[in-house]
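[1] Could you work out the structure for the sequence below:
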Amino acid sequence: MKLSTYTILGVCIAFFSLMSCKEKTTPKRVASADAESLFTEEIRDYYFQTLDSAAFYIQKLDTTETLEYNKANFLKSREWYKRAEPMLIAYDYQNYLSMNAPNLLKVEIDDYTDIKRLSPKSYQVLEELLYADEEISHQDLDQVLKYLKVRIPFIRKNHIIYTQKDRHHLKMIRDGIITVAAKGITGFDSPMLANSLNDGIYSYETLAKVLGFYKEAFSDEALYNKWSIEIESTIAELKSGDFDTFDRYGFIKDHTNKQLELINLTAKDWGIELNTSRPLNPAATNIFSKDFFNIKKFALPGSPAINDERIALGRKLFNDESLSSTQNISCATCHVKEKAFTDGHPKALGINGVELQRNTPTLSYAVYQKTMFYDGRATGLEDQIVNVVNDKNEFHMDLNTIEKRVAENSAYKASFDSLYGGEMTNMNVRHAIATYIRSLAPFNSKFDRNIQGMENTLTDEEKLGFNLFMGKAACATCHFPPAFNGTVPPKYEETEFENLGVPKNASFDNPILDEDPGQYHPYKVEEKRNFFKTATVRNAELTAPYMHNGVYKTLEEVITFYNVGGGQGMGLDVPYQTLPPDSLNLEEKEQKALIAFMNTLTDSDLN
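    You can find the predicted model right below:
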């Protein structure tokens, strides 16, 4: 067959066009350990889309519009905000805290002359304004709307998503997973609507979107497919539940922990290492494992490593009565191992049996708090020890004398020679004691062993208790997992203080408000009166009596106190109470289940 000139020409053009296309094919994009991410542009564009959409709907809200109109646009704006949130947490954490803030007055104190009182203007405030039973305040609504209408575009304009590396994006996915499990599904973000499960869906849809951008970076296609199947399954489970009955225990065990394993596999697949300079250990694959936290980041910067030898030395010093002025009390006098390092008294007893101001707090898991004492006056364990040494009703000593007494004890010489280079300073003495205290967080309770997959012994009642704790009973909105204290996920860099309206007597019919001012001192800020640090509920079975003043002898009384809405719920005048005053409406069966769960948090080895 004879081909025409035009046919031959067409074939040639097609051939050279094909060759040209082949030459211009974009090379496969891969993840890199050190270079700027090749996927940043797509992530940034999606971030802009979520923020623009949130801003679009928030602009529609107006005090002149109907309540139903404003509610509808609020829900759409909030949905897009929750889609943006995983990226906001990773790339603009301070604005995340502002946009996500609870409807509580915040007081920032630098010194006596610099005290700031900040009223939040967040989505949570907007939710409470729109859905409160009482008549809406147009003035308050207008203030919140003015802030959000300006703030969201500001966040978009001042983004930093342009020099991110692939490890930053993978950490963003990891933090997003932890946020949903440790805070999102508890109702923390949506106290009135309990919209937490939908929030989780929006967050996971964003994580799926980001992983989709990275699809071609996976050298193991099967690993990407595992991610797709897992997130699809997670979203399906979130869609199938309702807030009060959702199985949070199964969700964390079967999804959250599995996803942390996938994070580690993905890091290997991409050939990157996640940063180890943060409070969380990036290699941990279980929220409730002992290695979930990066314990080094809960010690003083540059301090000697935590090892068995320093722990053993610290234990000896902790039990040494010669370090007190009377030489008959030690740290262990008030912090008794068998009582999970409490003493069983309503208020601590100091030298010569004098009653101190407050209940002895447990030292279990104290390492995972950012401030010490109920009023937060110490910034770390070493600082706490200084307070105890100097207190006239406790050790009634000074650091120099402590240092001298340790130096005079030949039994300590070899240990300090090998562990501290022969420097038997008061700082090293305090560090050794603090190191021992940092070891008192074994994560080996019945609950831990079950959710870690080591055994399958939790009863239905105990699982119900956990699900109530993390949901309907709202315990986990202040006692955050995994330490179940006030240190806030996902960064775990701040420990919260709460005003519960705790009474000084145990009567629920005729309560009298406790006079302890809490954080009111030393700056005499009225808005901080009666605020106390949120303690851990781990080992609560052993730490009675409860509250900062030891007012309640049993966990049953504690649950009743929360169930009636704290001090305000009992009719007391507590203007700055942070605990909602409404009843939780917990049935007797549910209250018993909560206690059953808390009893599973008793460590099998208190060290």
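[2] Can you give me the end-to-end span of stretch 297-309?
    20 Å (Cα to Cα, to the nearest Å).
[3] contact partners of whichever strand or helix holds V386?
    Assigned by DSSP states H and E, V386 falls within helix 381-390. Applying Cβ atoms under 8 Å, 6 or more residues apart in numbering, the external contacts of helix 381-390 come out as 300, 323, 331, 366-367, 372-373, 377-378, 394-395, 397-399, 402, 427, 430-431, 433-434, 437-438. For the C-beta atoms, the positions are set from N, CA and C on the backbone; glycine is no exception.
[4] neighbouring contacts of stretch 271-288?
    31-33, 165-167, 170-171, 174, 178, 181-182, 252, 256-257, 260-261, 263-264, 267, 291-294, 297-298, 443, 447-448, 451-453, 481-482, 490-493.
[5] and that stretch, how far from the chain's centre?
    Relative to its chain's centre, stretch 271-288 lies at 15 Å (Cα atoms, centre = their mean, to the nearest Å).
[6] so who does T333 touch?
    For T333, the contact set (Cβ under 8 Å, 6+ apart) comprises 321, 343.
[7] That one - that's part of a helix, no?
    Yes: assessed by DSSP: H, G, I helix; E, B strand; the rest coil, T333 belongs to a helix.
[8] re the thing from before, just the buried residues of the contacts of helix 381-390.
    300, 323, 331, 366-367, 372-373, 378, 394-395, 397, 399, 402, 430-431, 433-434, 437-438 (16 or more other Cβ atoms under 10 Å).
[9] Now do the strands in the chain.
    106-111, 114-118, 497-498, 532-533 (DSSP state E).
[10] Tell me the buried residues in the first one?
    By that I understand strand 106-111. Going by 16+ other Cβ under 10 Å, strand 106-111 has these buried residues: V107.
[11] ok, it: who's next to it in the sheet?
    strand 114-118 (antiparallel) (DSSP bridges).
[12] what's the burial count for the residue nearest to M172 when sequence neighbours are not counted?
    Counting by Cβ to Cβ, 6 or more residues apart in numbering, M172 lies nearest to A90, which is 3.6 Å off, once chain neighbours are set aside. A90 has 23 neighbours, counted by other Cβ atoms under 10 Å.
[13] OK, contacts around A90?
    168-169, 171-172, 175-176 are the contacts of A90 under Cβ under 8 Å, 6+ apart.
[14] Residue ranges in the protein under the pLDDT threshold?
    Regions of the chain meeting the criterion pLDDT under 70 cover residues 1-26.
[15] biggest helix in it, by residue count?
    Ordering each helix of the chain by length in residues (DSSP state H) puts helix 67-91 first.
[16] domains for this structure, by residue range?
    Using automatic domain parsing, the domains assigned to the chain come out as 40-275, 297-438, 446-599.
[17] coming back round to it: adding distance to C475 as columns, could you present the strands of the chain in TSV?
    Output for those, formatted as TSV (distance: least, Cβ to Cβ, whole Å):
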stretch	distance to C475
strand 106-111	22
strand 114-118	26
strand 497-498	12
strand 532-533	16
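[18] Which among these is found nearest to I512?
    I512 lies closest to strand 532-533 among those, at 17.3 Å (Cβ to Cβ).
[19] follow-up on the earlier one: now, which of the contacts of helix 381-390 lie within helices?
    Those of the contacts of helix 381-390 lying in helices (DSSP H): 331, 399, 402, 427, 430-431, 433-434, 437-438.
[20] Among those residues, which one lies nearest to S53?
    R438 (44.9 Å).
[21] And the closest one, how close does it get to P86?
    According to Cβ to Cβ, to the nearest Å, R438 and P86 sit 31 Å apart.
[22] Distance check, the closest residue to K82 other than its chain neighbours against K337.
    Spatially, and ignoring its direct neighbours in sequence, K82 is nearest to Y202 (4.0 Å; Cβ to Cβ, 6+ apart). Distance check for Y202 against K337: by Cβ to Cβ, it reads 46 Å.
[23] Determine the number of other residues adjacent to D114.
    So D114, with other Cβ under 10 Å, has 9 neighbours.
[24] Please report how far it lies from V107.
    D114 is 11 Å from V107, by Cβ to Cβ.
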